[in-house]
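Engineer: dropping the sequence and predicted coords here.
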Amino acid sequence: MKEIFKINEEEFGFSESQLVEDDYLCENPWTDVPLPQPCWKPKFNWNSNTWVETATEEEMNPPEVKPELTEVEELGQKISEMELADLEKENRIKQLEAENEVLGMQQT
């Protein structure tokens with residue numbers, strides 16, 4: 001058995017497929033050329049007897065959409081950012097205190 005495809009000239013690809021005996025001879029608008037995999041928007045080229053992928057790169061590999069954060073997740077993210085900013089400030093204060101201490105020792 002083999003799968004054959006009815007080519008849809010107005011649209012992309014095929015409008016239906018059927019399983020037939022291996023010795024079945026296809027006539028227009030049918031073909032027994034297997035679809036390439038993966039296959040997004042195939043169009044059959046009768047001249048080369050091949051399927052051509054017509055999908056754009058963006059259609060095949062859509063940009064990753066970041067899911068929107070829930071209100072709780074958004075608040076959690078803001079809290080984390082504020083805590084990080086506080087830690088950075090605390091580290092800077094400790095660094096300045098240490099520098100002050102060194103400068104104070106140098107003056108005596």
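Structural biologist: Alright, I've got the coordinates.
Engineer: any idea of the mean pLDDT in the helix or strand containing V72?
Structural biologist: For V72, the host element (DSSP states H and E) is helix 71-107. In this model, helix 71-107 has an average pLDDT of 93.
Engineer: then stretch 43-61?
Structural biologist: 90.
Engineer: residues in contact with that stretch?
Structural biologist: Applying Cβ atoms under 8 Å, 6 or more residues apart in numbering, the contact partners of stretch 43-61 are 5, 7, 12-14, 28, 31, 33, 35-36, 38-42. Every residue, glycine included, has its C-beta placed from N, CA and C.
Engineer: which of those fall in strands?
Structural biologist: Residues of the contacts of stretch 43-61 located in strands (DSSP state E): 5, 7, 14, 31, 42.
Engineer: hmm, E3 and the third one touching each other?
Structural biologist: Right, the one you point to is F14. No - applying Cβ atoms under 8 Å as the test, F14 and E3 come out as separate, 10.2 Å apart.
Engineer: break the protein into its domains for me.
Structural biologist: 2-60, 66-108 (automatic domain parsing).
Engineer: mind putting these into TSV with mean neighbour count?
Structural biologist: As requested, the domains of the chain are exported to TSV (neighbours: other Cβ atoms under 10 Å):
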stretch	mean neighbour count
domain 2-60	12
domain 66-108	9
